[in-house]
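Visitor: Sequence plus the predicted model coming up.
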Amino acid sequence: MLFFSFFKTLIDNQVTVELKNDIQIRGTLKSVDQYLNIKLDNIEVVDDIKYPHLSSVKNVFIRGSVVRYVHLPHNAVDVTLLEDATRREAANQAAKAK
Amino acid sequence: MMENLTLNDPPPPGPQSGGPMPPVLGGRAPPLPPQPQQLPPQMFTTAAQLLDLTDKKLLICLRDGRKLTGILRSWDQFANLVLQSTVERIYATLPGAKESSALKGYYADKPHGIFLVRGENVLLLGEIDLDKDDESPLGFEQAELEKVEKLAKERKVVEKAKEKNKLKQLATLGFEGEASGEIFL
């Protein structure tokens, strides 16, 4: 659940979501759920010439399973905190496995 | 079942419902900046996200590249969807169309009726801005269905060949193509 929590800290930030079909959608992160489905507001499509069908769309719900990358704003991520949390999560998992 | 779901309902059972957030981002770390996590956890469920979109006119992109518009009437946690008055919009870009071209391609609409879409085939759902709905997408013109279908089919053959070639080249470098060309635009 670490990355679910992590994405929740990024709500209201500008992110770019790259899908497995190469389309890139930039928008304000509005919501995320346990499957890492993502909801974006005020979207714009990078390279929208190739993808004309989203021109009249203002907000999208993206199914988590089709996301390849989420590009995050640099200053919204506390890397040290995330590293720390990741180690703790790993330690928890290791303790559970024993 | 859907009528009863509101943001005020208790969150569904599951790891995320266990009281305060798990200690992964807290602990002895320095004091956190104001956390949006204090929003109620039921804001962060599939149900809450899809609830806003219910009974609205949506654009649905499927994994095979189809674009549907329809009114979302029902759904579940897998994003299985029921759509009413579904219309498939077929786009065909002209061969050699560039960003600067005035006419980049054609589109046509194909009415279908009621659709039940299995969640795994859904790429994304977009809410359509009804003010902009009547405008044609920039650089695209509406044309007869048969013409557009034929053009789209030709384009698909070309794209498929390109994709196959790409996968072949990647394979020689030891890469396995992600999704093996299954996902189209």
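Guide: Looks like it arrived, so ask away. None of the values given here were measured: they were computed from a predicted structure.

Visitor: Below-threshold pLDDT in chain B: ranges please.
Guide: Applying pLDDT under 70 to chain B flags the ranges B:1-39, B:99, B:177-185.

Visitor: middle-most residue in chain B, spatially?
Guide: In chain B, the centroid-proximal residue (Cα atoms, centre = their mean) is B:L124; its distance is 1.3 Å.

Visitor: Excluding covalently adjacent residues, which one is nearest to it?
Guide: In space, and not counting its chain neighbours, B:L124 is closest to A:I62: 4.6 Å by Cβ to Cβ, 6 or more residues apart in numbering or on different chains. Bear in mind the C-beta positions are built from the backbone N, C-alpha and C, glycine included.

Visitor: Settle this for me: the one you found is touching A:T16, isn't it.
Guide: No. Counting by Cβ atoms under 8 Å, A:I62 stays clear of A:T16, with 11.6 Å between them.

Visitor: got the buried residues for the top helix by length along chain A?
Guide: In terms of residue count, the longest helix belonging to chain A (DSSP state H) is helix A:79-97. For helix A:79-97, a neighbour-count test (16 or more other Cβ atoms under 10 Å in any protein chain shown) marks A:L81, A:L82, A:D84, A:A85, A:R88, A:E89 as buried.

Visitor: CA atoms only: put it into CSV for me.
Guide: C-alpha atoms of helix A:79-97 as CSV (Å, rounded to 0.1, in the frame of the first residue of the first chain):
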residue,chain,number,x,y,z
VAL,A,79,13.0,11.5,-1.8
THR,A,80,14.5,10.9,1.6
LEU,A,81,11.1,10.3,3.2
LEU,A,82,10.1,7.9,0.4
GLU,A,83,13.4,6.0,0.7
ASP,A,84,12.8,5.7,4.4
ALA,A,85,9.3,4.5,4.0
THR,A,86,10.3,2.0,1.3
ARG,A,87,13.0,0.5,3.7
ARG,A,88,10.5,0.3,6.5
GLU,A,89,7.9,-1.4,4.2
ALA,A,90,10.6,-3.9,3.1
ALA,A,91,11.5,-4.6,6.7
ASN,A,92,7.9,-5.2,7.5
GLN,A,93,7.5,-7.5,4.6
ALA,A,94,10.7,-9.4,5.6
ALA,A,95,9.4,-9.7,9.2
LYS,A,96,6.1,-11.0,7.9
ALA,A,97,7.8,-13.6,5.8
